[in-house]
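**Student:** need the 3D shape of this:
(chains A and B, ligands or ions: 6)
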Amino acid sequence: MEKVKLTIDNKLIEVEKGTTIYKAAKQLGIDIPVLCYMNLEDLGIENKPGGCRICVVEVEGRRNLAPSCSTDCAEGMVVNTHSIRVINARRTVMEFILSDHPKDCLTCAKSGNCELQDMAVKLGIREIPGQEYAAMSTYKMDFSPSLIRELDKCIMCRRCEMMCNDFQTVGALSAFKRGFEAAVGPAFEMDIEDSTCTYCGQCVAVCPTGALTEKDHTREVINALSDPTKTVIVQTAPAVRAALGEEFGLKPGTLVTGKMVAALRRLGFNYVFDTDFAADLTIMEEGTELLGRLTKHLNGDKEVKLPILTSCCPAWVNFFEHNFPDMKEIPSTARSPQQMFGAIAKTYFADKIKVKREDLVVISIMPCLAKKYEAQRDEFKVDGNPDVDFSLSTRELAHLIKQANLDFKSLPDEDFDKPLGESTGAAVIFGVTGGVIEAAVRTAYELQTGKKLERVEFEQLRGMESIRKATIDFNGTPINIGIAHGLGNARKLLEDIKAGKSEFHAIEIMACPGGCIGGGGQPLHHSDSSILKARTKAIFAEDEAKVLRKSHENPYIIKLYEEFLGKPMSEKAHHLLHTHYFDKSGKIEIS
Amino acid sequence: MTKYKQIRIALNNCGVIDPENIEDYIARDGYMALGKCITEMTPQDVIKEIKDSGLRGRGGGGFPAGLKWEIASKNHADQKYVVCNADEGDPGAFMDRSVLEGDPHAVLEAMAICGYSIGATKGLIYIRAEYPLAIKRLKIAIDQAREVGLLGKNIFGSKFDFDIELRYGAGAFVCGEETSLIHSMEGLRGEPTIKPPFPAEKGYLGKPTNVNNVETYASVPIIIRKGASWFNKIGTEKSKGTKVFALAGKVNNVGLVEVPMGTTLREVIFEIGGGIQNGKKFKAVQTGGPSGGCLTEKHLDTPIDFDNLVAAGSMMGSGGMIVMDEDNCMVSVAKFYLDFTVEESCGKCSPCRIGNKRLFELLERITKGQGTMDDLQRLRNMSNVIKDTSLCGLGQTSPNPVLSTLDNFYDEYLAHVKDHKCPAGECKDLMKYFIIAENCVGCTACARVCPVGAITGEKKEAHLINSETCIKCGACMERCKFDAIIIK
Ligand SMILES: Cc1cc2nc3c(=O)[nH]c(=O)nc-3n(C[C@H](O)[C@H](O)[C@H](O)COP(=O)(O)O)c2cc1C
Ligand code: SF4
Ligand code: SF4
Ligand code: SF4
Ligand code: SF4
Ligand code: FES
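**Tutor:** Ligands and ions are numbered 1, 2, ... in the order given. Down below sits the predicted model:
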């Protein structure tokens, strides 16, 4: 690799050709402020429009200041990152940005976690000259089941657009209007609800300001908890425990399962359960479905469609309903763990504790924003009463804990309640890319071959590469498995299936980078991909620490089938644990 | 004898030939240059000839055309493109349109020559949809050239293939910026991206692309025919050949002029342009389109070339030249241009998107007499920062009208701020209607016509205008038969 030498702030450095000034400075410990720039290293996610101009530096011999995020180092370059000219320019540009930004920090959802606010602090902005007569660009508010758009706070960093278009290939967001009025949103300024948005929440996860936030349901949860006629139970998704601690200053990757349970109990939930229980249940259903389809396929049944696709990611479900409705028969019909949990809670468990369906409130804590939308889908309601009443994000749970005055770090470790709180290691790894399929393989292998797995870890299914492939030997039968995280990567696999080029028997798809640990409802990663990696590690550590690591070994699952469901894919299981999909392409079907 | 003369290079055939008839063009040595290139010259020879000619881009930047071609030729790819920038978005500019309407084949020929030299087989002309006649003539010209084999496969019996298509612009000014233009042709939002990569490395569909302006191309065939050494004798040391200007504003003769580089502003304005209308006094000339600067009396003897204009605080731009007289308020002039750039900013980068709006707001306040001395300081700082930090040429130049008027007409700004007066009498908000007591006979006509009752006074006594209430409609002044009402 060709190298170039340059000096930055009088320090000499040699870097690979193609390195930006921003990155080279970082190697020297010089932290040039950036606002629009964003990079999730090793995930191939980079936003580099060069638009905010906060990162400008002085390059000797150049007429204008250069944006360090998008200017490559060159041999002999002399860079100054803090000359008076630079400081003045950076500050003036920041004043421009703030002059067209509401001063709503007191009540803004992003306050305290806002990159724009942080930048204002860093640059020591105390007043905005001329604010009295500066016009502001204003837009209508947009509310949807999962996210809220308040474009008055948009700074045109284009991160959301990059996430939605390049990474997810959803294309719901793009720049509209020109000049002072420009902002980012769905085409023709329609509401996000009318667009092809999947509610993956990745735009929210990267937005540096309060322009994109989740629809907050903490108020509804407080109301339920304070209603004496209600029994309120809660389920927590696997990825939450690997990230919640970050909101309380704990190192990324710190597992806080026990403290999270303790906090939920102190918040007043009558039962604290685990979505992991339902994840084990998902494996029983999805694994059985997979084996069924596979056996038929291998026996030459042409009617059976393969590959089978996982269906536990609601953003992914929305994605194929919008984009590949003609393939809606391929994904597994198994509901997501959140919904399986809700269905079991409001039947089996409600009966057990003798509470009427209407008096049982099911709350879920999810790393995800699409789960909010999923919870209110009509097919998951009985007489208008949803199986899952409200879904909170990891961030919202953290807010609740803070509001309740709980000193999270000093809480004791407590255990989930029984029966819906017991789970295996297979369920925990649902939280990372590749985890669902690994869990399915653990169970399917043993059920199919009748042999016991010596080693439950399938390293070949793990990793951060966007699309992974592995072949697992099922007692002489090679089973081809594909894994994709990110809907853009999923799209590639789907196009292959459509073209008849796919050799996979089963494919796992997660909409978010790294899987649910990188979900749109998680503590903000502020474009530090090491956080996502640390969460992944934590999930695998939790799996390893479990005594039971295969879903079919979960005693409470066994009991549930014995007492209530019969066997996987039974009539009852079908009714409660499976679903069907819709064509949302907006195309009119002529019959 | 005056020492200036108009030389026609870019406009060589305009108005002389029938632009809808290829034979007319061929009769005036048309396509000879292309033939010469293909049959007698290597691509390197052609590039060397253009480099030696000293031809610089006429679209604004003044980048050496030969060098650009050389870079594109050295970037290897399975496909390259030759693009002609016919977006011509400067308000009031029509030099490119005139060339395309009057001599379309010259541009086609030049694009083919460029294609031959850089190794491209496809040409694209990005033209404003608002130019229907130019589009029609280009279409006819392309068809005719294809018919006689001057476009298409195996041109002049060689292995060289080249064809040209039209692409239509929606008329956004910033789409004339080359990266923006390329995105627009690709069906993306018409907004610029950071250079490098330059189009010559990664342009249309990611392939090496040479973008030149209409006038730049139009100068190429004649350079090949007459030779680089003929061309480079015209002009100044660093700016060769001629430049077409659209002369407008308060001069007696408005229209297109093509003069050798090095001609002075005085020659263009006073000799070719015939001086200022109605014998008024020359005040300033704005060159370079909406983001050029306003030059004054002291710049009149500056020989016009790329570098001199920049040194004087303006630029060549695409060749707009607007002359102002003593009735023009320079603060209003700056505000006028900012209004344009605020409208045309694409909105991608913050200094241009928001900064220009703030400049405009400040200028507006000053023209209303609400400006402060601090504001003048801020105006300068904001202008400098916008220039210094904007992403593309639009924002990098949009504050020029502000800076050049601050530099050259600071007194006028002071008058607005300190005395709340507009010396040129153009800022309506600073005008005051005033009754000269000696002339007033107290006929009450003015008081009766004033729609807001701002005029008081006894019959047969001098009247008085309450400037707080007055809305400056001018009705009183029109009515007064004794010339007693004036504007101060
Ligand atoms: C805001 C903006 C608008 C521009 N508009 C035009 C235009 O209308 N026509 C043009 O030829 N060049 C225009 N340019 C310059 C082009 O970016 C580019 O430099 C030019 O087409 C290159 O051709 P040349 O080297 O022959 O001048 C514009 C540049 C900017 C920054
Ligand atoms: S987006 Fe950030 S800066 Fe803006 S109001 Fe919210 S917290 Fe404050
Ligand atoms: S939630 Fe996902 S799909 Fe919807 S706009 Fe945001 S990034 Fe796009
Ligand atoms: S909505 Fe947020 S992420 Fe999207 S461009 Fe605006 S500020 Fe950036
Ligand atoms: S300078 Fe203006 S026109 Fe150019 S990229 Fe920035 S906002 Fe767009
Ligand atoms: S961070 Fe470099 S331009 Fe925004």
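**Student:** contacts only, for the residue of the stretch 401-550 of chain A found nearest ligand 5.
**Tutor:** Here the residue of the stretch 401-550 of chain A nearest ligand 5 is A:S527; by CB to the nearest ligand atom that distance is 22.9 Å. The way it works is simple: take the backbone N, C-alpha and C, and place the C-beta from them, glycine included. Applying CB atoms under 8 Å, 6 or more residues apart in numbering or on different chains to A:S527 gives the contacts A:38-40, A:206.
**Student:** ok, for it, nearest residue in space, not its chain neighbours?
**Tutor:** In space, and not counting its chain neighbours, A:S527 is closest to A:M38: 4.2 Å by CB to CB, 6 or more residues apart in numbering or on different chains.
**Student:** can I assume A:D359 is in contact with A:K230?
**Tutor:** Yes. Between A:D359 and A:K230 there is a contact under CB atoms under 8 Å: 5.7 Å.
**Student:** near ligand 4, which residues of the stretch 301-450 of chain A are found?
**Tutor:** Proximity of the stretch 301-450 of chain A to ligand 4 (CB under 6 Å from any ligand atom) involves no residue at all.
**Student:** those helices in the stretch 301-450 of chain A, which residues are they?
**Tutor:** A:314-323, A:337-344, A:350-353, A:370-375, A:394-403, A:425-428, A:435-449 (DSSP state H, counting those that start in this stretch).
**Student:** report the central residue of chain B.
**Tutor:** Residue closest to the mean C-alpha point of chain B, counted by CA atoms, centre = their mean, is B:G289 at 3.0 Å.
**Student:** got a winner among the contacts of A:S527 for most neighbours?
**Tutor:** A:V206 (27 neighbours; other CB atoms under 10 Å in any protein chain shown).
**Student:** spell out which residues of the stretch 401-550 of chain A are next to ligand 6.
**Tutor:** So the stretch 401-550 of chain A never meets ligand 6 (CB under 6 Å from any ligand atom).
**Student:** contacts only, for residue 343.
**Tutor:** Just going to use chain A. Going by CB under 8 Å, 6+ apart, A:A343 touches A:335, A:380, A:387, A:576-577.
**Student:** oops, I was thinking of chain B
**Tutor:** Counting by CB under 8 Å, 6+ apart, B:E343 makes contact with A:G179.
**Student:** and the gap between it and A:M136?
**Tutor:** Using CB to CB, to the nearest Å, B:E343 is found at 18 Å from A:M136.
**Student:** biggest helix in chain A by residues?
**Tutor:** Secondary structure of chain A per DSSP state H: the longest helix is helix A:275-298.
**Student:** in that one, which residues are buried?
**Tutor:** By neighbour count on 16 or more other CB atoms under 10 Å in any protein chain shown, the buried set for helix A:275-298 is A:275-291, A:293-294, A:297.
**Student:** next: stretch A:326-345.
**Tutor:** For stretch A:326-345, a neighbour-count test (16+ other CB under 10 Å) marks A:330-345 as buried.
**Student:** pLDDT-wise, what's the bottom of those?
**Tutor:** In terms of pLDDT, the lowest of the buried residues of stretch A:326-345 is A:I330, showing 91.
**Student:** surely it and A:T310 touch.
**Tutor:** No. The criterion here is CB under 8 Å, and A:I330 misses it with A:T310 at 10.8 Å.
**Student:** show me the chain divided up by domain.
**Tutor:** In the absence of a named chain, chain A is used. Per automatic domain parsing, the domain ranges recorded for chain A read A:3-82, A:97-215, A:219-577.
**Student:** my bad, chain B
**Tutor:** Chain B breaks down by automatic domain parsing into domains covering B:2-231, B:242-325, B:330-419, B:432-487.
**Student:** ranking these by burial, who's on top?
**Tutor:** Among those, ranked by average contacts under mean count of other CB atoms under 10 Å in any protein chain shown, first place goes to domain B:330-419 (a mean of 22).
**Student:** would that domain count as contacting ligand 6?
**Tutor:** No. Using CB under 6 Å from any ligand atom, domain B:330-419 stays clear of ligand 6, coming no nearer than 7.4 Å.
**Student:** how far out from the middle of the chain is that domain?
**Tutor:** 18 Å (CA atoms, centre = their mean, to the nearest Å).
**Student:** can it be found next to ligand 4?
**Tutor:** No. Domain B:330-419 stays clear of ligand 4 (CB under 6 Å from any ligand atom), getting no nearer than 10.9 Å.
**Student:** all helices in the stretch 351-488 of chain B, in order from the N-terminus.
**Tutor:** Counting by DSSP H, counting those that start in this stretch, the helices of the stretch 351-488 of chain B are B:356-367, B:373-389, B:393-397, B:400-408, B:410-418, B:445-449, B:475-479.
**Student:** would you reformat the ones you listed as JSON lines and include mean pLDDT?
**Tutor:** Below are the helices of the stretch 351-488 of chain B laid out as JSON lines (pLDDT from 0 to 100):
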{"stretch": "helix B:356-367", "mean pLDDT": "97"}
{"stretch": "helix B:373-389", "mean pLDDT": "97"}
{"stretch": "helix B:393-397", "mean pLDDT": "96"}
{"stretch": "helix B:400-408", "mean pLDDT": "96"}
{"stretch": "helix B:410-418", "mean pLDDT": "97"}
{"stretch": "helix B:445-449", "mean pLDDT": "94"}
{"stretch": "helix B:475-479", "mean pLDDT": "92"}
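**Student:** and of these, who's closest to A:N270?
**Tutor:** A:N270 lies closest to helix B:356-367 among those, at 55.4 Å (CB to CB).
**Student:** which residues sit against the closest one?
**Tutor:** A:96, A:99-100, A:130, A:133-135, A:179-180, B:329, B:331-332, B:334-335, B:338-339, B:341-342, B:345, B:371, B:375-376, B:378-379, B:382-383, B:386, B:395, B:398-399, B:402, B:413, B:416-417, B:422, B:427, B:429-430.
**Student:** where does the prediction get shaky in chain B?
**Tutor:** B:1-5 (pLDDT under 70).
**Student:** OK, contacts around the residue in the stretch 201-350 of chain B that ligand 6 sits nearest to?
**Tutor:** Nearest residue of the stretch 201-350 of chain B to ligand 6 (CB to the nearest ligand atom) works out as B:C349 at 7.4 Å. With contact set as CB under 8 Å, 6+ apart, B:C349 has these partners: A:50-53, B:389-392, B:395.
**Student:** what's the farthest-apart pair in those?
**Tutor:** Taking CB to CB, no two of the contacts of B:C349 sit farther apart than A:C52 and B:C392, at 14.6 Å.
**Student:** next one: A:I32 from A:R335, what distance?
**Tutor:** A:I32 is 47 Å from A:R335, by CB to CB.
**Student:** so for the residue of chain A most remote from its centre, what's the nearest residue that isn't a sequence neighbour?
**Tutor:** Distance from the C-alpha centroid of chain A, by CA atoms, centre = their mean, peaks at A:G61 (44.9 Å). Nearest non-adjacent residue to A:G61, counting by CB to CB, 6+ apart: A:V78, 7.7 Å away.
**Student:** before we move on, what about B:G320?
**Tutor:** B:G289 (4.4 Å).
**Student:** that neighbour reaches B:M321, doesn't it?
**Tutor:** No. Between B:G289 and B:M321 there is no contact under CB under 8 Å: 9.6 Å.
**Student:** next, the contact list for A:W316, please.
**Tutor:** Residues in contact with A:W316 (CB under 8 Å, 6+ apart) are A:198, A:310, A:487, A:490, A:509-511.
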